[in-house]
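Enquirer: Sharing a sequence plus its predicted fold:
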Amino acid sequence: MRVAFLNPQGNFDPEDTYWTKHPDFGGQLVYVKELAIAMASMGVKADIITRRIEDAEWPEFSREVDGYPGIDNLRIVRAEFGGKQFLRKEFLWPHLSEYVEKILQFYDQEKTRPNFITTHYGDGGIAGAMMAKTTGIPYSFTAHSLGAQKMEKLRANKKSFSELDKEYNFTARIRAEGVSMKYSAVNFVSTSMERFEQYGHRLYEEYINVNDDDKFCVAPPGVNTDVFHSETMPEDDLVEDRIGKLFARFSSRQRVSLPMIVSSSRLDKKKNHVSLLRAYMSSKYLKDNVNLIIVTSGVSDPYSRTHDALQPEREVLNNLVDIVRRSNLKDRVLFADIRNQKELASLYRLAARRNSVFCLTALYEPFGLAPLEAMACGLPAVVTKNGGPSESLKDSNNEYGVLVDPTDVDDIKDGLLSLLGPERRDRLLEMRALGERRVLSRYTWQATAEKYLGEIEKKLCKEFEEPVIPEWFFGKGKLLELNIE
């Protein structure tokens with residue numbers, strides 16, 4: 001079986017260049033890569049089809065066909081569309097019909113076609129609908145995030161929508177998402193909450209019935225257990241040495257062995273690092289007995305080199321640094337330059353050995369893979385209750401982590417103290433064991449791939465309605481206006 005993964009935005013290369021450092025190179029690229037690798041390991045021929053770029057500033061993406069060393073059955077195929085320069089994802093919409101044409105030309109030259117197409121994000125979704133219309137090949141849609149929710153976070157209304165639409169192209173995005181979910185063979189979601197809350201938004205009600213079980217499959221993303229695990233690795237010593245030097249420079253050797261609160265997520269206002277910092281500051285016990293470690297990828301000294309961070313991360317980092325300075329907490333709130341997943345896993349293992357916790361206080365987390373990666377390394381998690389973690393860290397009456405209200409500083413503090421407070425070590429060790437078992441039994445990429453392939457097998461023997469696609473996506477006519485309240 002051959003499965004094509006349509007992901008026109010961002011890009012893929014053997015070195016995972018720009019991941020976490022550019023807003024177009026977000027979590028869906030990790031998802032697509034790991035899922036494709038897992039499928040390839042099961043004998044599926046997998047093609048990740050993205051965009052070819054001939055730009056001196058983006059040399060990694062110039063080859064038409066690429067791959068990952070040591071991974072059989074998996075190709076990175078780059079279709080040339082929308083010119084040669086890098087384009088932000090918001091500007092790809094008018095060029096997606098050309099993307100589809102180039103994909104079909106590629107397969108025609110090979111005299112082959114995929115048996116099934118998985119599509120990712122709204123731009124990949126509408127491209128899959130175009131391919132289905134032309135070829136009859138069924139496709140799945142995985143949104144990763146939906147435009148209607150982003151509009152709400154930006155507080156879009158009739159007055160502000162026009163300017164926001166120029167920046168984010170919401171009209172095209174939401175129409176594309178609607179068509180994608182309507183004509184897909186199945187919509188893969190990470191949680192049932194995503195199905196009912198995100199797909200159930202009023203802007204999609206003309207396209208999808210969220211109560212139609214045949215249209216949805218919950219397939220949580222997985223943890224890369226080759227990287228994130230609790231077994232000691234050679235690079236652990238290097239990270240421990242780096243953390244030791246960090247304490248020697250900014251703190252003291254006396255504090256280096258204390259438990260940690262590890263915060264590792266993109267420096268984005270939505271990740272709400274400030275509330276975590278304020279919760280930590282509000283507890284004398286935590287300040288005296290625990291260190292707060294904030295991961296800064298690529299910034300080794302935020303006190304003198306915040307310009308190393310890109311906007312808007314720089315603004316968030318500057319704010320955190322300012323609070324730490326004014327509160328005289330430089331010796332107990334430290335910024336650690338952790339640059340890749342292996343180093344991050346080593347930091348988690350180091351923290352676990354010191355009876356520490358991972359903390360994520362995002363205002364909303366669609367799924368929440370980062371806490372699961374930490375849990376796989378033996379680090380218990382204190383995580384936002386808003387979004388996917390409310391399902392991954394809780395099942396019926398069983399709890400596998402601590403859920404907190406990210407808007408309530410006292411609740412965050414209490415959540416941290418429930419594992420790190422006086423005489424709470426037994427509870428912390430219990431949560432460590434429960435969390436690690438939870439990840440290994442349910443949240444691996446192998447499990448995700450099995451979910452996908454099981455659903456794909458069921459859909460291959462069915463016939464589906466031919467997609468009706470707005471002419472605007474073929475360079476004609478206008479899109480219907482969105483009903484903005």
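Expert: Noted; the coordinates are in hand.
Enquirer: Show residues contacting the lengthiest helix in the chain.
Expert: Assignment by DSSP state H gives helix 425-442 as the longest helix of the chain. With C-beta atoms under 8 Å, 6 or more residues apart in numbering as the test, helix 425-442 has contacts from 220, 223, 225, 230, 352, 355, 357, 372, 375-376, 378-381, 392-393, 398-402, 418-420. Just so you know, the C-beta spots here come from the backbone N, C-alpha and C atoms, and that holds for glycine as well.
Enquirer: Would you map the helices across the stretch 1-150 of the chain?
Expert: Remark: helices assigned in the stretch 1-150 of the chain by DSSP state H, counting those that start in this stretch are 27-41, 96-110, 121-135, 147-153.
Enquirer: So which of those helices is the most surrounded?
Expert: Ranked by mean neighbour count under mean count of other C-beta atoms under 10 Å, the helices of the stretch 1-150 of the chain are led by helix 121-135, which reaches a mean of 25.
Enquirer: Check which helices and strands it is in contact with.
Expert: Under the contact criterion of 3 or more C-beta pairs under 8 Å, 6 or more residues apart in numbering; DSSP states H and E, helix 121-135 touches strand 2-6, helix 96-110, strand 116-120, strand 139-142, helix 170-183.
Enquirer: what is the rounded mean pLDDT of that helix?
Expert: On average, the pLDDT along helix 121-135 is 97.
Enquirer: Which of the helices or strands spans the spatially most distant residue from the centre of the chain?
Expert: Farthest-out residue of the chain from its mean C-alpha position, per C-alpha atoms, centre = their mean: Gln254, at 36.4 Å. Under the criterion of DSSP states H and E, Gln254 resides outside all helices and strands.
Enquirer: Tell me where the stretch 301-450 of the chain has helices.
Expert: Using DSSP H, counting those that start in this stretch, the helices of the stretch 301-450 of the chain run over 313-326, 341-353, 369-376, 389-392, 409-420, 425-442, 445-460.
Enquirer: most neighbours per residue, which of the ones you listed?
Expert: helix 369-376 (a mean of 28).
Enquirer: and the angle from that one to helix 341-353?
Expert: 60 degrees (axes from the mean of the first three to the mean of the last three C-alpha atoms, to 10 degrees).
Enquirer: ok, residues contacting helix 369-376?
Expert: For helix 369-376, the surrounding residues in contact (C-beta under 8 Å, 6+ apart) are 27, 30, 221, 223-225, 228-230, 262, 264-265, 344-345, 348, 358, 360, 381, 383, 389, 392-393, 400-401, 435-436, 438-440, 443.
Enquirer: repeat for stretch 229-240
Expert: Residues outside stretch 229-240 that contact it (C-beta under 8 Å, 6+ apart): 338, 342-343, 345-347, 349-350, 352, 376-378, 436.
Enquirer: So for it, what gets flagged as buried?
Expert: His229, Ser230, Asp236, Val239, Glu240 (16 or more other C-beta atoms under 10 Å).
Enquirer: quick check: domain ranges of this structure?
Expert: As recorded under automatic domain parsing, the domains making up the chain are 2-221+446-474, 235-442.
Enquirer: To Glu481, which of those domains lies closest?
Expert: Among those, the nearest to Glu481 by C-beta to C-beta is domain 2-221+446-474 (7.1 Å).
Enquirer: Can you measure across that closest one, start residue to end residue?
Expert: Chord length of domain 2-221+446-474, first to last residue, is 27 Å (C-alpha to C-alpha, to the nearest Å).
Enquirer: re earlier: quick one, which of the helices of the stretch 1-150 of the chain gets closest to Lys330.
Expert: Each of these was scored for nearness to Lys330 using C-beta to C-beta, and the closest is helix 27-41 (31.3 Å).
Enquirer: Against which helices or strands is the closest one packed?
Expert: Helices and strands touching helix 27-41, by 3+ C-beta pairs under 8 Å, 6+ apart, are strand 2-6, strand 45-51, strand 74-79, strand 116-120, helix 445-460.
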